[in-house]
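K.L.:
Task: produce atomic coordinates for the following.
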Amino acid sequence: MRTIRVTGKGQIKVRPDMTQITMSLEGLYKDYNETLRLSSQDTETLKDILSGFGFERSDLKTLNFSVDTEYESYKDRDGSYKQRFTGYRYRHMLKVEFDSDNERLGKILYALANGKVRPEFRISYTVKDPEATKNTLLGKAVKDAREKASVLTEAAGIGLKDIQSIDYSWGEIDFEYRPMDGGILAERCMAEPTAAYSLDIEPDDIEVSDTVTVVWEIG
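P.N.:
Numbers count the residues shown, from 1 in each chain. Coordinates of the predicted model:
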């Protein structure tokens with residue numbers, strides 16, 4: 001059986017409709033148990049802040065949590081450098097997502113920058129229904145493969161028959177758009193608190209692409 005293998009490419013632009021705030025809390029303490037207690041306390045305080053904007057406490061999701069020992073270098077009396085234990089540093093990265101709304105975003109950022117805990121944060125944008133977007137993308141890729149296969153077989157004077165196989169990578173597609181660094185935003189909100197209520201951020205369309213390889217019988 002003779003076959004033809006063609007790779008088609010799908011490419012679309014999708015307007016983001018979800019806003020994601022990624023926050024990072026950290027602290028350094030001498031006692032391990034105290035580190036864990038205070039990290040939990042800071043997380044609860046962060047949940048308190050977000051609950052004032054309509055979030056459930058479970059809406060705040062952990063992305064990463066770690067506790068590491070930390071040391072500092074010092075010069076001994078004999079002039080040699082040594083290290084001494086300074087404490088346990090915890091790092092907790094979390095995120096919260098909501099339907100894009102600049103007014104709500106501005107109020108949240110102001111609260112984060114001026115609350116009892118002041119996490120570093122960044123904003124990014126994504127799509128609410130990535131699976132639907134992936135399906136559209138795959139459909140375009142298969143259509144592109146068929147068009148290419150039709151051109152090739154017509155030019156060669158042969159017929160395009162049944163599909164024998166379709167290969168798809170199943171790789172992850174990044175639907176996240178990151179307009180700026182969160183640390184910069186935090187500094188602006190603290191320096192100009194009124195600006196936090198009138199953020200004018202219009203995210204660009206997210207451009208994604210993927211490929212599909214299709215094998216047809218020819219004759």
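K.L.:
so residue 141, which of the three states?
P.N.:
For residue 141, the assignment made with DSSP: H, G, I helix; E, B strand; the rest coil gives helix.
K.L.:
so how many other residues sit close to it?
P.N.:
Other residues near residue 141 come to 23 when the count uses other CB atoms under 10 Å. Where you see a C-beta, it was placed from the backbone N, CA and C, and this is true even at glycine.
K.L.:
Residue 173 too?
P.N.:
Other residues within reach of residue 173, judged by other CB under 10 Å, total 13.
K.L.:
can you pull out the strands in the chain?
P.N.:
Under the criterion DSSP state E, the chain contains strands at 3-14, 18-29, 61-75, 81-99, 120-126, 160-168, 206-218.
K.L.:
Quick check: which of these is nearest to residue 136?
P.N.:
strand 3-14 (6.2 Å; CB to CB).
K.L.:
in the closest one, what's buried?
P.N.:
Neighbour counts using 16 or more other CB atoms under 10 Å place 4, 6, 8, 10, 12, 14 of strand 3-14 among the buried residues.
K.L.:
Likewise for stretch 121-135?
P.N.:
121, 122, 123, 124, 125, 126, 127, 130, 133, 134.
K.L.:
And the furthest pair within those?
P.N.:
Between any two of those (CB to CB), the greatest distance is 28.3 Å, for 121 and 134.
K.L.:
mind listing what residue 116 touches?
P.N.:
Neighbouring residues of residue 116 by CB atoms under 8 Å, 6 or more residues apart in numbering: 45, 49.
K.L.:
show me where pLDDT drops low in this protein?
P.N.:
By pLDDT under 70, the low-scoring segments of the chain are 180-199.
K.L.:
can we see that at 80?
P.N.:
Scanning the chain for pLDDT under 80 picks out 169-172, 179-201.
K.L.:
Tell me the residue in it that is farthest from the middle.
P.N.:
residue 78 (50.0 Å; CA atoms, centre = their mean).
K.L.:
middle-most residue in this structure, spatially?
P.N.:
By CA atoms, centre = their mean, the chain has its centre lying nearest to residue 176, at 5.2 Å.
K.L.:
Confirm for me that it is in contact with residue 127.
P.N.:
No. Using CB atoms under 8 Å, residue 176 is not in contact with residue 127; the gap is 9.1 Å.
K.L.:
hang on, the earlier thing: any chance of the buried residues of strand 3-14 in JSON lines, plus distance to residue 83?
P.N.:
Formatted as JSON lines, these follow (distance: CB to CB, whole Å):
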{"residue": "4", "distance to residue 83": "65"}
{"residue": "6", "distance to residue 83": "61"}
{"residue": "8", "distance to residue 83": "58"}
{"residue": "10", "distance to residue 83": "54"}
{"residue": "12", "distance to residue 83": "53"}
{"residue": "14", "distance to residue 83": "51"}
